[in-house]
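Visitor: Quick one, what's the 3D model for this:
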Amino acid sequence: MGVEIGEQYGGCGGSFTSALLVVEELARVDPAVSVMVDIHNTIVNNCFSAWASEPLKSTWLPRLASDCLGSFCLSEAGSGSDAFALRTRAERRQDGYVLNGEKMWISNSAEAGVFLVMANAAPGDGYRGITCFVVPRDTPGLTVGKKVQHKTPLAARESRTASSHLLVQVSAASIGSMPPSSSHPLSRSLSGSSSS
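Guide: Here you go, the predicted structure:
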């Protein structure tokens, strides 16, 4: 499960091409497993590897390489995958943030042990306020809905998604922000440095 995760964290230290080859080979046998592995490796693991602080990497990458599946929570009922229109909010509190919102069609959510939740911490800044929050599955206030079985062709029918309801509090150490000059919305995500 850790194709591109560095060997120092228990991963294979492979390339993006290696991850794609794994996904392609799995798809020959089981498209649903292929989708799960694809999301876990090419989105979740890469977000941690590219943008996480060292404490977050040390905590999560060894688990993501061995015993923990990750989920990427962006889509919402009113906005689909349009990140600019998401409505999930992150309200700053003295000891962290309170996330409030609902995500839909979240792959891997039924089995995931950690969620990367996109929420807007500064709605007045539009998309520049979007921040990625690391939310462990056992966080009080996180509710994962029932699996949705899609009516898709052939073997992909087993690829399931679920909704996630959030009214959770996360510590400032579980989020971060890059310097304001960074233009990519996810670049604010996983640096681990708290902003005041």
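Visitor: okay, now Leu61: neighbour count?
Guide: Leu61 has 22 neighbours, counted by other Cβ atoms under 10 Å. Every C-beta, even on glycine, is put in place using the N, C-alpha and C of the backbone.
Visitor: Actually, Phe84.
Guide: There are 10 residues near Phe84, going by other Cβ under 10 Å.
Visitor: can I assume it is in contact with Gly126?
Guide: Yes - counting by Cβ atoms under 8 Å, Phe84 touches Gly126, with 7.0 Å between them.
Visitor: quick one, strands of the chain?
Guide: Assigned by DSSP state E, the strands in the chain fall at 70-73, 89-93, 96-107, 114-120, 130-136, 142-144, 148-149, 160-171.
Visitor: give the contact list for the nearest residue to Arg137 once chain neighbours are set aside.
Guide: Of all residues not flanking Arg137 in the chain, Gly113 sits nearest, at 5.0 Å (Cβ to Cβ, 6 or more residues apart in numbering). Taking Cβ atoms under 8 Å, 6 or more residues apart in numbering, we find Gly113 in contact with 63, 67-70, 136-137.
Visitor: And for Val33?
Guide: Taking Cβ under 8 Å, 6+ apart as the test, what Val33 contacts is Leu26.
Visitor: So it versus Arg128, what's the distance?
Guide: 37 Å (Cβ to Cβ, to the nearest Å).
Visitor: what pLDDT does the closest residue to Met36 other than its chain neighbours get?
Guide: In space, and not counting its chain neighbours, Met36 is closest to Asn108: 5.7 Å by Cβ to Cβ, 6+ apart. We note a pLDDT of 88 for Asn108 in this prediction.
Visitor: What of Ser196?
Guide: 31.
Visitor: And for Arg137?
Guide: Taking Arg137 on its own, its pLDDT is 92.
Visitor: Likewise for Pro55?
Guide: 90.
Visitor: That one and Asp138, how far apart?
Guide: 19 Å.
Visitor: Looking at the two, which is more packed in?
Guide: Pro55 (11 against 8).
Visitor: gap between stretch 33-47 and the chain center?
Guide: 10 Å (Cα atoms, centre = their mean, to the nearest Å).
Visitor: same question, stretch 17-26
Guide: 20 Å.
Visitor: Pull out the buried residues from it.
Guide: 19, 22-23, 26 (16 or more other Cβ atoms under 10 Å).
Visitor: quick check, nearest of those to Thr59?
Guide: Nearest to Thr59, judged by Cβ to Cβ, of those is Ala19 at 21.8 Å.
Visitor: Where does the prediction get shaky in this structure?
Guide: The chain contains residues with pLDDT under 70 at 81, 147-168, 173, 175-196.
Visitor: Kindly list the longest helix within it.
Guide: helix 16-29 (DSSP state H).
Visitor: what does that helix contact?
Guide: With contacts defined as Cβ under 8 Å, 6+ apart, helix 16-29 is touched by 3-4, 12, 33-34, 37-38, 41-42, 46.
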